[in-house]
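Novice: Okay, here's the prediction I keep looking at, along with the sequence it came from:
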Amino acid sequence: MRNLNEDTITQAVIASLCECRNERLQMVITSLVQHLHSFARETKLTEAEWEAAITFLTAVGHITDDKRQEFILLSDVLGLSTLVTAQNHAKPDGCTEATVFGPFYVKDSPEFGHWDDIANGASGEPCFVSGQVRSIDGAPVANALLEVWQADEDGHYDVQMAPDEDGALAHRARGKLRTDANGRFGFRSILAEPYPIPHDGPVGALLDALGRHPWRPAHLHFMVQAPGHETLITHVFRDGDRYLDSDAVFGVRSTLVAQWVRHAPGTAPDGSRIDTPYYTLDYDFVLNPEGNSR
């Protein structure tokens, strides 16, 4: 392995992997090396550009913590998240499509009952969300677990807010709920609004350098789980949003675009009296049974 040059280095690195005991890891790293080296040759990468890339990735690592995942953000804006999602979650026609997970999921969110208010003080106009979870054969899925999370009207998720005085995160516009015997669900939250992804860090600087905006169209995040069915991770997007065709993270699917309907003050879907205008969204989720290929 002495005296390697630009013509021989790639095969030398690949040869060094021959003792790898994990076949999948060996295959992935071999392909990664081949593509990285081909990229460097194709672009005639300079040392200054290589150093800038290392500095950029270091900055991505430094800004990442338990509240901000800049590497997921980078994957999102480069379209890699959507590519991986698409090739791993192909579903039969009729099933709800999957889309990107995003960096703001929280595992231990609180559980709510039917028509509870998950906003918990998050700013925004009132919105009532309802629907049904069904299997692809049309049968309702009872006791399915839905996790939902969204930004407030200012574009902030609860994990981006300062913690309470005791250092705890106040969960807002986020929670878990279960479907009833007919697969139905309903909850109160706030109107989804468009917002920019965090762009005060290295990913934002990259977008600016590329002449791209950081905006996402208004949406709700959902994760739907039920025994015997594939887990669904998806969004529901608000129809008419100006960013539907230029989502910064390439997550929009036409089948996931729905109408938010505005109502005058009156009796809300949960039976309460509301003295301000409010919105409703009705959207059904269709799950794919485990082992049911496209």
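Specialist: It's in.

Novice: the strands in the stretch 101-250 of the chain, which residues?
Specialist: 126-135, 145-149, 174-178, 184-190, 195-196, 215-216, 219-225, 232-238 (DSSP state E, counting those that start in this stretch).

Novice: tell me the most buried of those?
Specialist: strand 232-238 (a mean of 24; mean count of other Cβ atoms under 10 Å). To be clear about C-beta, it is placed using only N, CA and C from the backbone, and glycine gets the same treatment.

Novice: Tell me which other helices or strands the helix or strand just after that one touches.
Specialist: Toward the C-terminus, strand 232-238 is succeeded by strand 257-258 as the next helix or strand (DSSP states H and E). In terms of contacts (3 or more Cβ pairs under 8 Å, 6 or more residues apart in numbering; DSSP states H and E), strand 257-258 is packed against strand 232-238.

Novice: so how far is the strand it packs on from its chain's centroid?
Specialist: Mean-position distance between strand 232-238 and its chain equals 8 Å (Cα atoms, centre = their mean, to the nearest Å).

Novice: do stretch 234-254 as well
Specialist: 12 Å.

Novice: where does the chain dip in pLDDT?
Specialist: 1, 164-168, 293-294 (pLDDT under 70).

Novice: mind checking the longest helix of it?
Specialist: Taking DSSP state H as the criterion, the chain has its longest helix at helix 23-43.

Novice: List the contacts of that one.
Specialist: 6, 9-10, 13-14, 17, 20, 45, 49-50 (Cβ atoms under 8 Å, 6 or more residues apart in numbering).

Novice: List only those of those flagged as buried.
Specialist: 10, 13-14 (16 or more other Cβ atoms under 10 Å).

Novice: Among those residues, name the ones in strands.
Specialist: With strands defined by DSSP state E, no entry of these lies inside them.

Novice: quick revisit: mind checking which of the strands of the stretch 101-250 of the chain is nearest residue 55?
Specialist: Among the strands of the stretch 101-250 of the chain, the nearest to residue 55 by Cβ to Cβ is strand 195-196 (23.8 Å).

Novice: what helices or strands is the closest one leaning on?
Specialist: strand 215-216.
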